[in-house]
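> give me a 3D structure for the following:
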Amino acid sequence: MSGHGAAIPMTSQKSGPLTGQADVPGDKSISHRSLILGALSVGETRIQGLLEGVDVLDTGKAMQAFGAEVISHGGGSWSVHGVGVGGFAEPDHVIDCGNSGTGVRLIMGAMATSPITATFTGDGSLNKRPMGRVTDPLTFFGAQSHGRSEGRLPLTIVGAAEAVPVCYTVPMPSAQVKSAVLLAGLNAPGQTVVIEKEATRDHTERMLVGFGAELTVEDSEEGRVITLTGQPELYPQDIIVPRDPSSAAFPVCAALIVEGSDVLVPNIGLNPTRAGLFYTLQDMGADLTFENMREEGGEPVADLRAKYSPNMHGIAVPPERAASMIDEYPILSVVASFADGITRMHGVKELRVKESDRIEAMATGLRAAGVTVEEGPDWWHVHGCGGSVKGGATAATHLDHRIAMSFLILGMAADQGMSIDDGVPVATSFPIFEPLMAHLGASIRRTEV
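Numbers count the residues shown, from 1 in each chain. Coordinates of the predicted model:
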């Protein structure tokens, strides 16, 4: 069962060529941050192309609960009338973040340095995920947290009455932790410093500067040093959200493994901290090209063209690339299943604590589909089948949208198709996945029971 309704089993069948244009939704990371930073600004922030998936809508509801006015004008057009840094009101009810680890962790950071109290919960998947990685550094600002064992939701944050700035070294590559600390630093006097040993997606830094915060980034022997001056006045912005590279990964990868396919995916954000999958696919021999490269709103953007690539080969994915493609390893493992040779993925322990244990979930489903998979605590190897994967199995999604979509993509090229036990979680990040893939020529059907 999903936290958002009764389970909907789904099946995808081997497809003919996928062709046409895939207009994927707006970037989820930027959509979350647009709503939160809009709420922390004084005045009206206008957003075009907001991802209207469940995760982002839950963040919008949370901003309303903290006192901001969040209005939908239809067609991905939204406005946020913010309350300013330090202006959050205490919510009247529990904040339900659904399935969104990004949403809940960023919101915790944004409210932790205001003298208010808020309680957070989520669906069955989110309530199993570790929150200590965020709540621990928030205590250095003066906030307190009270939750279940191991810092799991439901959890209450008591914001700092007199916040102090911190200097924090992020112990693992995590854009969510980094961003939570930076958002907390907004309402702390003086300078908050975050040091990350490995660079992670930098949308928060880019957008803070865009909203008027004083922030610098320097490379040092310790790593990437981000310094934020607290208690700024943030100014409302007009934001055009680029389309999500993590969502683009699914039609792109489908085109690479379905015979005869040629798919164009326009207006995709290619922030270097997010685009690791596409370079990895090129390293594997994929016929994937970037067209019409340009910059929009401070973010690099291009149109991606993906064509059927029968001669892809396994590679050792550089571990240092992991942070730039951490959400794309499930769909990469599907492509690796159709390649020749072994694809080795190391330095990916973060996958163990995502919406599900993504290594275990993908390994189990791939093995059921006839693929050999080896795994360890922070690595896994997929033995490619040289273009022919048996399929014919039902994979458990564990309330994880990326697991669900990955196995549906596998079924489009597998000899016997593929089924999943629950397609409901797909709506959290890619609400138009089914009609978009059907438009390209894929065969996906719901098998409700």
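> wait, Y308 sits on V252?
No - proximity of Y308 to V252 does not meet the contact threshold set by CB atoms under 8 Å, at 11.7 Å. C-beta here means a position set from N, CA and C on the backbone, and glycine is covered the same way.
> more neighbours, those two?
V252 (27 against 19; other CB atoms under 10 Å).
> mind checking which helix or strand the closest residue to that one other than its chain neighbours is in?
Nearest residue to V252, sequence neighbours excluded (CB to CB, 6 or more residues apart in numbering): A306, at 4.4 Å. Taking DSSP states H and E as the criterion, A306 maps to strand 299-307.
> ok, the residue of the chain most remote from its centre to A118 distance?
Distance from the C-alpha centroid of the chain peaks at E162, with 32.5 Å (CA atoms, centre = their mean). Noted for E162: a distance of 18 Å to A118, by CB to CB, to the nearest Å.
> quick one: whichever helix or strand comes after the strand holding A306 to chain centroid distance?
Next in sequence after strand 299-307, counting helices and strands by DSSP H and E, comes strand 316-317. Taking CA atoms, centre = their mean, to the nearest Å, one finds strand 316-317 lying 21 Å from the centre of the chain it belongs to.
> what is the helix or strand following strand 316-317 packed up against?
Going down the chain from strand 316-317, the next helix or strand is helix 329-338, by DSSP H and E. Contacting helix 329-338 under the criterion 3 or more CB pairs under 8 Å, 6 or more residues apart in numbering; DSSP states H and E are the following elements: helix 245-257, helix 276-283, strand 342-346, helix 358-368, strand 379-383, helix 401-413.
> how does it look with 10 Å?
helix 245-257, helix 276-283, strand 316-317, strand 342-346, helix 358-368, strand 372-376, strand 379-383, helix 401-413 (3 or more CB pairs under 10 Å, 6 or more residues apart in numbering; DSSP states H and E).
> mean confidence (pLDDT) on the first one, please.
Going back to what we said before, that points to helix 245-257. Mean pLDDT, helix 245-257: 97.
> can you give the distance of that helix from its chain's centre?
15 Å.
> between helix 401-413 and it, find me the angle.
If you take axes from the mean of the first three to the mean of the last three CA atoms, to 10 degrees, helix 245-257 sits at 20 degrees to helix 401-413.
> ok, and for whichever helix or strand comes after helix 245-257, which residues are buried?
Next along the chain after helix 245-257, taking DSSP H and E as the criterion, comes strand 262-269. Along strand 262-269, these residues count as buried under the neighbour rule (16 or more other CB atoms under 10 Å): 263-269.
> hang on, the earlier thing: let me know the pLDDT of the residue nearest to V252.
Confidence score, pLDDT, at A306: 98.
> ok so, going back, out of the helices and strands packed on helix 329-338, nearest to L40?
Set against L40 and scored by CB to CB, these come closest in helix 245-257, at 24.7 Å.
> re the thing from before, pretty sure the residue nearest to V252 contacts M312?
No - the criterion here is CB atoms under 10 Å, and A306 misses it with M312 at 11.7 Å.
> common neighbours of those two, please.
256-257, 281, 286-287 (CB atoms under 10 Å, 6 or more residues apart in numbering).
> got any residues that touch both of Y308 and V252?
Shared contacts of Y308 and V252, defined by CB under 10 Å, 6+ apart, are found at 263, 286.
> in the stretch 51-200 of the chain, where is pLDDT below threshold?
For the stretch 51-200 of the chain, no stretch is flagged by pLDDT under 70.
> what's the average pLDDT for stretch 278-287?
Mean predicted lDDT for stretch 278-287 stands at 98.
> name the residues of that stretch that come out as buried.
In terms of neighbour count (16+ other CB under 10 Å), stretch 278-287 has its buried residues at 278-281, 284-287.
> does G124 sit in a helix, a strand or a coil?
coil (DSSP: H, G, I helix; E, B strand; the rest coil).
> which is the next helix or strand following the host helix or strand of D58?
Counting by DSSP H and E, the element that carries D58 is helix 54-65. The helix or strand immediately downstream of helix 54-65 is strand 69-74, counting by DSSP H and E.
> for the very next helix or strand once past that next one, packing partners?
Sequence order places strand 77-83 as the next helix or strand after strand 69-74, per DSSP H and E. In terms of contacts (3+ CB pairs under 10 Å, 6+ apart), strand 77-83 is packed against helix 28-39, strand 42-48, helix 54-65, strand 69-74, strand 238-240.
> picking that back up, including pLDDT and distance to T102, could the buried residues of strand 262-269 go into a markdown table?
Below are those laid out as a markdown table (pLDDT from 0 to 100; distance: CB to CB, whole Å):
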| residue | pLDDT | distance to T102 |
| --- | --- | --- |
| V263 | 98 | 27 |
| L264 | 98 | 28 |
| V265 | 97 | 22 |
| P266 | 96 | 24 |
| N267 | 93 | 21 |
| I268 | 95 | 19 |
| G269 | 91 | 15 |
